[in-house]
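1. Sequence first, then the predicted structure:
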Amino acid sequence: DHTDLVSSFVSILKQIVEGRLPQDFDYHTMPSPWTQMKILRILAMLGADDLKASESMYEVLDLTLTRADTGNPIGYAVTYEVVRTITSIYPNSQLVEKAAKSLSRFLTSTNNNYKYFGITLLGSVVQVDSKYAANHQMVVINCLDDPDETLKRKTLGLLYLMTNPHNVEVICERLISYLRSTVDDFF
């Protein structure tokens, strides 16, 4: 059991996010992003199914998510890891809501790589609480019109996760329409 390490990792991450390291560790104004991402992955493992460990990291995860919102590629990378961590640990409703809001930047991006990551993150958020899918439902459905086959396949998996009694007709209608028009050999 390594949960006694959580407070040390939280303290280190907080120091990094607050910019207490020398600027030599900054990358495009982001303080030591690779270290942040490694610590976030560790926290995700340590906080999984552990309420006490998770509670001790909520504050630093909120701070990290807020500070990662820089709009540059490294900010997207750190945001991705923070959201993954938030959805891996014992859930906190305010953090999950903030994570769901932050991933909209991914979904509305013109860059298909960011959209793909957004679909992936929304899938993680939906598994914690499906109510956050509704805000992004039409954006996700529209990803089926994208020429990128990888994005379409990822979207199909997410639509399956998002389907509920309130949206089943809309999603199934769109899925049937997509399956009728696809030229993908795997469908």
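-> All right, it came through fine.

2. before we move on, which element is residue 164 in?
-> Here residue 164 sits in a region with no helix or strand, counting by DSSP states H and E.

3. phi, psi of it?
-> Main-chain torsions, residue 164, degrees, to the nearest 10: phi -150, psi 180.

4. next one: residue 26
-> Dihedral angles (degrees, to the nearest 10) for residue 26: phi -80, psi 150.

5. Once you drop chain neighbours, what's closest to it?
-> Take residue 26 and drop its neighbours on the chain: the residue closest to it by Cβ to Cβ, 6 or more residues apart in numbering is residue 32, 7.1 Å away. All C-beta spots, glycine's among them, are computed from the backbone N, C-alpha and C.

6. pLDDT below threshold where in this structure?
-> Low-confidence segments of the chain, defined by pLDDT under 70, span residues 1, 186-187.

7. residues contacting the most centrally placed residue in the chain?
-> In the chain, the centroid-proximal residue (Cα atoms, centre = their mean) is residue 121; its distance is 3.3 Å. Listed by Cβ atoms under 8 Å, 6 or more residues apart in numbering, the contact partners of residue 121 are 80, 83-84, 87, 99, 103, 106.

8. Can you lay out those residues as JSON lines showing neighbour count and distance to residue 74?
-> What follows is the contacts of residue 121, written out as JSON lines (neighbours: other Cβ atoms under 10 Å; distance: Cβ to Cβ, whole Å):
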{"residue": "80", "neighbour count": "21", "distance to residue 74": "10"}
{"residue": "83", "neighbour count": "29", "distance to residue 74": "15"}
{"residue": "84", "neighbour count": "20", "distance to residue 74": "16"}
{"residue": "87", "neighbour count": "22", "distance to residue 74": "21"}
{"residue": "99", "neighbour count": "26", "distance to residue 74": "18"}
{"residue": "103", "neighbour count": "25", "distance to residue 74": "17"}
{"residue": "106", "neighbour count": "24", "distance to residue 74": "14"}
